[in-house]
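Asks: Mind folding the following:
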Amino acid sequence: MASAPTDAGPPTAQVTPAELDDCLRACAVHSGKLVGSLDPRRVALAEQLRKLLALWAVQEQPEPAPAGAGGLLRRGTRTTSPAIGNDLLDALLAVGNKALDCDYDDELNLTLLISDTVLTLRKNSRAGWRLRGRLLESTGRPEAAVEAYDRYLELTDDDGFGVRAKAAGLRVAQDRRAEMLALLRSTVPAAAGFTGRPATDTWADGLAAHADGDWDTARARLVGALLAMDRAEAPEQDFQEALGHYLDLATSAQVRPDAELIELIALFAEQRRNRMRGPVPDPTYGGVDWLSLGEFRNRIAGKSIALIANSGKVGTSSMGAEIDAYDLVVRFNSYKIDAAHTGRRTDIHATIHKHGFNWDKPVDTRLVFGGVSGDWKYSLRTRLVPGAQKHLGDESLRWPVRNIGRLGTDAWPAIPTSGFNMLWLLDFLDVSPTLDLVGFDFYESGAYRIDAAMKMPITSVHEYTSEKAWVMERAQNVSGMRISLR
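Replies: Residues are numbered from 1 along each chain as shown. Just a heads-up that it's a prediction; the model follows:
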């Protein structure tokens, strides 16, 4: 049963100036509130807050205060925030993203303060505008979210997070929403008489009339409440929940839905679908051929394979021609091409499902890895670019280390990287006469990625030391940049 609709006014994408010191103090206070929390999302937030506050403590070097009360007064009247370094900025953004994931009011307010602070200090921060858009979308302000997303898109050439599709989807959804409201106004003209009262009161009257079996009276009041919510610019989630409840009631009230109700349901479905995934060509997968485990084995059998790391040493390797000489070249996630060093070809793109870097780059085969089947399927629907791949790994290739190798957390506690999933799969199939790893130093030389991904941290959820040990136990030869497993 839907909750009663709310009446509210909208924040916008406009930034409210905020002080860095005030924001950091708010983070410190919030960190104390999370002590003992059992919610895994808040535990993750607490860890990011700990890292931020530790970094702040190291960087904070307060100037000695002049003697006397006058000195204390002058020290407390500073009105401008200090410049923010990249490390502190990244840590602050990490806190904002984890706070947004919590989806509680306190954390949403903290995210808003962080967003204001970051964009006050760095008005052209791409990550800041993306966080702003996500926050506005999460709090039910799609039009303002589009403003923030558009600002992000103006500042980046590589949209690996699917922001362009998200913004386009929100625009289409808002158009369908406007069409639904116009249809409701024209088919339920009596609703106009109930738009002047608070939406919550009118909605309650409509539910009471429906309970009494008087659908005509209920319909006018329920639609009047929806129109009042639109006029008051109530949060989008509240409006959608109320609209969905109205459609349920209308469907149950009509033995055979009339043409207007059918059209309304179709518009509702289209705007929900676009809000979730953005407009995409049909068919979603662009006529792709799905590969099962056995079919993938047959495609690589007898071929020499090079797996190219996204490491700093690859970017200066001068091995481009040697790499392109292999039968198959495998690259990972947010790989970057500099032909003289990395080679030109990418035959297989192995990527985690959580971002869309390089998904638009044409390849023969794309393997998308993910631990949760539902999340993996959702990412394929929303991120896959039709026509950018000829073959796509199916569910049997979704999570090789866990699902094929049956290596649970007892045997392999850390989350396997895309590189390790791919390497483990190729070693398991054992059909390639040459299996070489090029540039794999497990990020000792830093990351080498496309620009939009360089801000992404080398995540701590993976255990690179264990992966390196696994590789070296199986290495047949190690020579310079190359580790040969066959």
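
Asks: got the phi/psi numbers for residue 131?
Replies: Main-chain torsions, residue 131, degrees, to the nearest 10: phi -60, psi -40.

Asks: do the same with residue 306
Replies: Torsion angles, degrees, to the nearest 10, at residue 306: phi -120, psi 130.

Asks: Count the neighbours of residue 88 for me.
Replies: Counted with other C-beta atoms under 10 Å, residues neighbouring residue 88 total 20. Any C-beta I mention is one placed from the backbone N, CA and C, and that applies to glycine too.

Asks: my read: it touches residue 59, true?
Replies: Yes - here residue 88 lies in contact with residue 59, judged by C-beta atoms under 8 Å, at a distance of 6.3 Å.

Asks: Grab the nearest non-local neighbour of residue 289.
Replies: Of all residues not flanking residue 289 in the chain, residue 391 sits nearest, at 5.0 Å (C-beta to C-beta, 6 or more residues apart in numbering).

Asks: pLDDT below threshold where in the stretch 151-300 of the chain?
Replies: Where the stretch 151-300 of the chain drops to pLDDT under 70, the residues are 255, 280-286.

Asks: which residues of the stretch 51-200 of the chain fall in strands?
Replies: In the stretch 51-200 of the chain, no strands are defined using DSSP state E, counting those that start in this stretch.

Asks: Check the stretch 301-450 of the chain too.
Replies: Going by DSSP E, counting those that start in this stretch, the stretch 301-450 of the chain shows strands at 305-308, 328-332, 348-352, 363-369, 389-393, 435-438.

Asks: In a markdown table, list those strands along with distance to residue 289 and mean pLDDT.
Replies: Shown next, in a markdown table, are those (distance: least, C-beta to C-beta, whole Å; pLDDT from 0 to 100):
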| stretch | distance to residue 289 | mean pLDDT |
| --- | --- | --- |
| strand 305-308 | 20 | 98 |
| strand 328-332 | 17 | 98 |
| strand 348-352 | 14 | 97 |
| strand 363-369 | 9 | 97 |
| strand 389-393 | 5 | 96 |
| strand 435-438 | 24 | 97 |
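
Asks: Turn those strands into a markdown table, columns for mean neighbour count and distance to residue 406.
Replies: Converted to a markdown table, the strands of the stretch 301-450 of the chain look like this (neighbours: other C-beta atoms under 10 Å; distance: least, C-beta to C-beta, whole Å):
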| stretch | mean neighbour count | distance to residue 406 |
| --- | --- | --- |
| strand 305-308 | 25 | 23 |
| strand 328-332 | 24 | 23 |
| strand 348-352 | 24 | 20 |
| strand 363-369 | 23 | 16 |
| strand 389-393 | 20 | 18 |
| strand 435-438 | 24 | 22 |
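
Asks: Of the ones you listed, give the one that comes closest to residue 271.
Replies: Minimum separation from residue 271 across the strands of the stretch 301-450 of the chain (C-beta to C-beta) falls at strand 363-369, 27.2 Å.

Asks: gap between that closest one and the chain center?
Replies: Distance, stretch centre to chain centre, for strand 363-369: 20 Å (C-alpha atoms, centre = their mean, to the nearest Å).

Asks: Ok, stretch 215-227 next?
Replies: Centre to centre, stretch against its chain (C-alpha atoms, centre = their mean), the figure for stretch 215-227 is 37 Å.

Asks: Mind listing residues that contact that stretch?
Replies: 5, 181, 184-185, 188, 190-195, 197, 199-200, 202-203, 205-210, 239, 242-243, 246, 249-250, 253 (C-beta atoms under 8 Å, 6 or more residues apart in numbering).

Asks: shaky segments in the stretch 1-150 of the chain?
Replies: In the stretch 1-150 of the chain (pLDDT under 70), the answer is 1-12, 60-82.

Asks: Helices along that one, start to end?
Replies: 20-33, 40-59, 69-75, 86-102, 105-121, 126-138, 142-154 (DSSP state H, counting those that start in this stretch).

Asks: Could the C-alpha coordinates of the fourth one be exported in CSV?
Replies: Output for helix 86-102, consisting of C-alpha atoms alone and laid out as CSV, is shown next (Å, rounded to 0.1, in the frame of the first residue of the first chain):
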residue,chain,number,x,y,z
ASN,A,86,43.6,16.2,-4.8
ASP,A,87,44.0,13.6,-2.1
LEU,A,88,41.6,15.3,0.3
LEU,A,89,39.2,16.0,-2.5
ASP,A,90,39.2,12.4,-3.6
ALA,A,91,38.7,11.3,0.1
LEU,A,92,35.8,13.7,0.5
LEU,A,93,34.1,12.5,-2.7
ALA,A,94,34.5,8.9,-1.5
VAL,A,95,32.7,9.8,1.7
GLY,A,96,30.0,11.5,-0.3
ASN,A,97,29.4,8.5,-2.5
LYS,A,98,29.3,6.1,0.5
ALA,A,99,26.9,8.4,2.3
LEU,A,100,24.6,8.5,-0.7
ASP,A,101,24.6,4.7,-0.8
CYS,A,102,23.2,4.7,2.7
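
Asks: what inclination does that helix have with respect to helix 20-33?
Replies: Angle, helix 86-102 to helix 20-33, by axes from the mean of the first three to the mean of the last three C-alpha atoms, to 10 degrees: 50 degrees.

Asks: Quick check: which helices or strands does helix 86-102 pack against?
Replies: helix 20-33, helix 40-59, helix 105-121, helix 126-138 (3 or more C-beta pairs under 8 Å, 6 or more residues apart in numbering; DSSP states H and E).

Asks: If we go by neighbour counts, what in stretch 368-381 is buried?
Replies: 368, 369, 370, 376, 379, 380 (16 or more other C-beta atoms under 10 Å).

Asks: how about the helices of the stretch 1-150 of the chain, which one is nearest residue 427?
Replies: helix 40-59 (32.3 Å).

Asks: just checking, what packs against that closest one?
Replies: By 3+ C-beta pairs under 8 Å, 6+ apart, helix 40-59 packs against helix 20-33, helix 86-102.

Asks: just checking, which of these sits deepest inside the structure?
Replies: Among the helices and strands packed on helix 40-59, helix 86-102 has the highest mean neighbour count (mean count of other C-beta atoms under 10 Å), at a mean of 21.

Asks: measure the residue nearest to residue 289 to residue 481 for me?
Replies: Per C-beta to C-beta, to the nearest Å, residue 391 is found 29 Å from residue 481.

Asks: if we can go back for a sec, take the helices of the stretch 1-150 of the chain and write them to CSV, including distance to residue 272.
Replies: As requested, the helices of the stretch 1-150 of the chain are exported to CSV (distance: least, C-beta to C-beta, whole Å):
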stretch, distance to residue 272
helix 20-33, 33
helix 40-59, 25
helix 69-75, 54
helix 86-102, 21
helix 105-121, 22
helix 126-138, 14
helix 142-154, 12
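
Asks: Relative to residue 437, how far out is residue 306?
Replies: 8 Å.

Asks: Kindly apply the preceding question to residue 25 instead.
Replies: 47 Å.

Asks: same check, this time on residue 378
Replies: For residue 378, the distance to residue 437 - C-beta to C-beta - is 31 Å.

Asks: Repeat that for residue 111.
Replies: Residue 111 is 40 Å from residue 437, where distance means C-beta to C-beta.

Asks: what about the closest residue to residue 137 other than its chain neighbours, how many neighbours?
Replies: Distances taken as C-beta to C-beta, 6+ apart place residue 145 nearest to residue 137, at 4.0 Å, with adjacent residues excluded. The local packing of residue 145 (other C-beta under 10 Å) involves 24 other residues.

Asks: wait, what's in contact with residue 145?
Replies: Taking C-beta under 8 Å, 6+ apart, one finds 13, 133, 134, 136, 137, 167, 170 in contact with residue 145.
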